[in-house]
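Asks: My questions are about this predicted structure, shown below with the sequence.
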Amino acid sequence: MHIVVCIKQVPDSAQIRVHPVTNTIMRQGVPAIVNPYDLFSLEEALRLKDKFGGKVTVICMGPPQAEEALRKCVSFGADDAILVTDRAFAGADTLATSYALAAAIRKINSEQKVDMVFTGKQTIDGDTAQVGPGIAKRMGLQLLTYVSRIIETDLDNNTITVERRGEGGVQVLKTALPCLITMLENTNEMRFATLPMMIHAAAYQVRKWNKEDAGIEDLTKIGLKGSPTVVSRVFGPTPRAEKAEMLNIETSTLRDVSLNLLQSIFTRHPTLEQDLIEKFSA
């Protein structure tokens with residue numbers, strides 16, 4: 001079994017600030033990490049490798065410094081790491097990113113047949129959740145999104161059965177391989193890297209592919225040329241001027257506090273009470 005896991009190096013969102021004048025993201029001094037959602041996919045891929053054997057390849061499109069993110073994945077147990085890096089990829093949106101990664105995965109498939117591709121649900125810097133489905137569409141792979149659990153992998157019949165969380169509940173889906181899976185958060189717990197694996201990762205030679213190595217056929221579909229998305233402005237949320245209202249239950253009964261709270265809500269939203277009455281009377 002050969003599994004490819006797409007990862008991304010992202011700035012730690014907990015430490016990102018927006019410049020008050022230019023309204024641009026201030027990345028200076030912000031540490032870079034592996035996209036947390038991608039780690040759930042990597043752990044799931046490693047569990048399948050532990051169970052069935054095979055190989056896990058991690059791939060990342062990004063600047064040269066993203067090599068550290070790939071080394072982190074190698075320390076967890078990934079067998080191969082490929083960094084797709086070229087100035088031609090700069091400024092890529094999700095459309096251009098999925099094109100470049102799909103081309104690189106086809107190249108990997110030509111070296112060794114790929115059975116599964118894993119991605120995280122989304123990235124914490126973009127939050128679009130578009131790259132995984134974009135890769136699946138470009139490669140003609142079966143797509144399983146928001147997967148919470150892999151129930152069964154049948155290599156003899158070349159099928160996989162998963163649980164997928166939807167708005168209406170949980171779906172059980174079965175499809176043929178190869179496929180692309182986007183994993184939900186909190187579906188597993190990332191293993192710890194052992195000291196021997198950390199030493200191995202520090203010395204590991206990450207493979208670096210430029211646009212030619214990645215098999216890019218149409219240069220107009222990568223980087224800024226292949227990115228129709230335009231970000232007009234980035235801004236932080238406006239601080240709320242209204243302060244939270246404190247309710248004291250020490251001097252009142254819980255029933256009185258609840259009634260006062262409901263009355264306050266209905267006063268602020270005059271049509272809410274009638275809407276609720278009509279809804280529950282129907």
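Replies: Structure received.
Asks: mind listing what T153 touches?
Replies: T153 makes contact with 48, 51-52, 159-161, according to CB atoms under 8 Å, 6 or more residues apart in numbering. Quick note: C-beta positions are derived from backbone N, CA and C, even for glycine.
Asks: Could you list the buried residues of stretch 56-76?
Replies: Of all the residues in stretch 56-76, those buried under the rule 16 or more other CB atoms under 10 Å are 56-62, 66-67, 69-76.
Asks: What is the neighbour count of the closest residue to N158 other than its chain neighbours?
Replies: Spatial nearest neighbour of N158, chain neighbours left out: L177 (4.9 Å); criterion: CB to CB, 6 or more residues apart in numbering. Counted with other CB atoms under 10 Å, residues neighbouring L177 total 17.
Asks: Past the worst-scoring helix or strand of the chain on mean pLDDT, which element shows up next along the chain?
Replies: Ranked by mean pLDDT, DSSP states H and E, the weakest helix or strand in the chain is strand 25-26, scoring a mean of 66. Following strand 25-26 in sequence order, the next helix or strand is strand 32-34 (DSSP states H and E).
Asks: so how far is that next one off the chain centroid?
Replies: Taking CA atoms, centre = their mean, to the nearest Å, the mean C-alpha location of strand 32-34 is offset from the chain mean by 13 Å.
Asks: Stretch 170-188 now?
Replies: Taking mean C-alpha positions (CA atoms, centre = their mean), stretch 170-188 and its chain are 14 Å apart.
Asks: Would you indicate which residues of that stretch are buried?
Replies: Buried-residue list, stretch 170-188, by 16+ other CB under 10 Å: 177-184, 187-188.
Asks: Dump these into TSV; add secondary structure as well.
Replies: Putting these into TSV (DSSP: H, G, I helix; E, B strand; the rest coil) gives the following:
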residue	secondary structure
L177	coil
P178	coil
C179	strand
L180	strand
I181	strand
T182	strand
M183	strand
L184	coil
T187	coil
N188	coil
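Asks: Determine which two of these are furthest apart.
Replies: P178 and N188 (21.6 Å; CB to CB).
Asks: Quick check, pLDDT for the residue sitting nearest the centre point of the chain.
Replies: For the chain, the residue nearest the mean C-alpha position is Q122 (2.6 Å; CA atoms, centre = their mean). pLDDT, Q122: 91.
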